[in-house]
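Q: need a 3D model of the sequence below.
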Amino acid sequence: MTTEEPDDDLAWLRKENALLRVERDMLMRVAAGYARDVARLRGQERPGPCAGDPPH
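A: Residues are numbered from 1 along each chain as shown. As a prediction, the model looks like this:
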């Protein structure tokens, strides 16, 4: 095992974490939009932002 392998692994893990964070944020926005749409269809729309909405 060379000294570069742990550094390579760490770099890969950091990239993977960044990608997972982006995917999580996208899924949260999609889920918030879906929840808003369902609430509108049911006539239960709540005022205010839903979880995952970007701040104004």
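
Q: so the residue positioned nearest the centre of the chain versus R36, what's the distance?
A: The centroid of the chain falls nearest to D25 when counting by C-alpha atoms, centre = their mean (1.5 Å). Distance from D25 to R36, counting by C-beta to C-beta, to the nearest Å: 17 Å. Every residue, glycine included, has its C-beta placed from N, CA and C.

Q: same deal with R24?
A: 19 Å.

Q: these two: which has the busier surroundings?
A: Neighbours were counted for R24 and for R36 using other C-beta atoms under 10 Å; R36 has more, 15 against 11.

Q: do you know how far the more buried one is from L20?
A: R36 is 25 Å from L20, by C-beta to C-beta.

Q: same question, R40
A: In terms of C-beta to C-beta, R40 sits 30 Å off from L20.

Q: same check on M26?
A: Relative to L20, and taking C-beta to C-beta, M26 is found at 11 Å.

Q: for R42, same thing?
A: 32 Å.

Q: quick one: low-confidence parts of the chain?
A: Scanning the chain for pLDDT under 70 picks out 1-3, 45-56.

Q: residue boundaries of the helices in it?
A: 4-42 (DSSP state H).

Q: residues near A35, how many?
A: 14.

Q: do the one 4 residues further on as well
A: The criterion is other C-beta under 10 Å. On that basis, A39 has 13 neighbouring residues.

Q: just M28 next, same as before
A: So M28, with other C-beta under 10 Å, has 14 neighbours.

Q: same thing with the one 3 residues further on?
A: Counted with other C-beta under 10 Å, the burial measure for A31 works out to 13 neighbours.

Q: how about the one 3 residues further on?
A: Other residues near Y34 come to 11 when the count uses other C-beta under 10 Å.

Q: ok, now the one 3 residues further on?
A: Counted by other C-beta under 10 Å, the residues lying close to D37 total 11.
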